[in-house]
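Enquirer: Build me a model from this:
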Amino acid sequence: MPAALGIIPARYASTRLPGKPLVDLGGQSMIERVVAQARQANLSRVVVATDDQRILEHVRGFGGEAMLTRPDHLSGTDRVWEAFEQLGQPAEISCIVNIQGDEPFINPAQINALVALFAQPAPPAIATLIKPVLTEEELFSPHLPKVVTDQRGRALYFSRHPLPYQRQHPLAEWLAHHRYHRHLGLYAYQPAVLQQLTQLPPSPLELAESLEQLRWLENGFSIYTALTELDAFGIDTPEDVARARQRLATSGT
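Expert: Numbers count the residues shown, from 1 in each chain. Model (predicted):
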């Protein structure tokens with residue numbers, strides 16, 4: 001397997017849930033749970049990149065590795081690159097995995113699916129994770145971006161709207177006539193490619209859909225996808241926190 005580095009960007013500020021990484025979930029903070037899951041994957045190292053001293057000290061307090069990054073980054077991608085620079089850009093790392101800091105139930109197998117793509121003779125520049133859409137609620141939710149791929153698994157387009165539009169079928173029948181996929185926000189990059197991505201200005205499609213990955217496609221970068229059947233559980237609101245706590249209480253973990 002390639003030498004893969006996991007970096008977890010973790011901001012303190014959040015419009016809907018301030019201090020999100022430190023929220024308690026069944027006796028552990030959210031960021032502690034993300035780190036614990038990531039450490040089970042095929043990663044040589046897991047580092048939290050944060051903009052806040054409280055998160056830094058908390059992660060180090062439970063034995064995790066963390067570093068302080070600038071507070072003015074506009075995206076997690078930029079924060080991940082700064083962290084890699086602070087680490088000295090170790091030459092042995094061939095794959096950097098950007099792990100969302102608000103997914104405490106991320107499955108190590110999902111991370112491994114991306115890392116495995118970089119073991120190929122011609123590794124991708126960028127890779128991300130997708131899963132089948134199973135319900136109409138998922139399909140038509142603008143909060144769950146969808147992705148269209150070519151026959152080799154390369155992303156053609158990401159959208160908050162279901163694509164393709166099935167002109168010959170009513171909306172209620174779309175899932176019966178086409179296999180749709182939604183995008184899960186887990187990325188992996190070659191280090192040199194990640195550096196290039198941070199130098200790109202916002203693009204028209206990105207601004208229209210509010211999806212950063214469209215900037216990369218517009219600038220000619222290929223994004224390969226790995227398929228997972230496992231779901232994602234992102235936490236953005238107090239209601240999500242309540243659902244996560246209920247899940248932990250039910251599972252006993």
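Enquirer: where do the strands sit along the stretch 101-250 of the chain?
Expert: 126-132, 146-149, 155-159, 181-189, 223-227 (DSSP state E, counting those that start in this stretch).
Enquirer: May I see those arranged in a markdown table, with distance to residue 62 and mean pLDDT as well?
Expert: Just so you know, the C-beta spots here come from the backbone N, C-alpha and C atoms, and that holds for glycine as well. Formatted as a markdown table, the strands of the stretch 101-250 of the chain follow (distance: least, Cβ to Cβ, whole Å; pLDDT from 0 to 100):
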| stretch | distance to residue 62 | mean pLDDT |
| --- | --- | --- |
| strand 126-132 | 26 | 97 |
| strand 146-149 | 35 | 97 |
| strand 155-159 | 35 | 98 |
| strand 181-189 | 23 | 95 |
| strand 223-227 | 29 | 96 |
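Enquirer: of those strands, which approaches residue 112 most closely?
Expert: strand 223-227 (9.2 Å; Cβ to Cβ).
Enquirer: just for the stretch 51-200 of the chain, where's the confidence low?
Expert: Within the stretch 51-200 of the chain, not a single segment meets pLDDT under 70.
Enquirer: Which residue ranges of it form helices?
Expert: 53-61, 76-86, 108-117, 136-140, 174-177, 191-197 (DSSP state H, counting those that start in this stretch).
Enquirer: okay, those helices in JSON lines with mean neighbour count and distance to residue 146 next?
Expert: Putting the helices of the stretch 51-200 of the chain into JSON lines (neighbours: other Cβ atoms under 10 Å; distance: least, Cβ to Cβ, whole Å) gives the following:
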{"stretch": "helix 53-61", "mean neighbour count": "16", "distance to residue 146": "32"}
{"stretch": "helix 76-86", "mean neighbour count": "21", "distance to residue 146": "21"}
{"stretch": "helix 108-117", "mean neighbour count": "20", "distance to residue 146": "18"}
{"stretch": "helix 136-140", "mean neighbour count": "15", "distance to residue 146": "7"}
{"stretch": "helix 174-177", "mean neighbour count": "14", "distance to residue 146": "11"}
{"stretch": "helix 191-197", "mean neighbour count": "16", "distance to residue 146": "22"}
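Enquirer: who wins for proximity to residue 16 among these?
Expert: Across the helices of the stretch 51-200 of the chain, closest to residue 16 is helix 76-86 (Cβ to Cβ), at 16.5 Å.
Enquirer: List the contacts of that closest one.
Expert: 5, 7, 9, 11, 47, 49, 51, 67, 69-70, 73, 93, 96, 98, 100, 187, 191, 194-195, 197-198, 212 (Cβ atoms under 8 Å, 6 or more residues apart in numbering).
Enquirer: Among the residues you listed, name the buried ones.
Expert: For the contacts of helix 76-86, a burial check counting by 16 or more other Cβ atoms under 10 Å picks out 5, 7, 9, 11, 47, 49, 51, 67, 69, 73, 93, 96, 98, 100, 187, 191, 194, 197-198, 212.
Enquirer: circling back: what about the helices of the stretch 51-200 of the chain, which gets the closest to residue 23?
Expert: helix 53-61 (11.3 Å).
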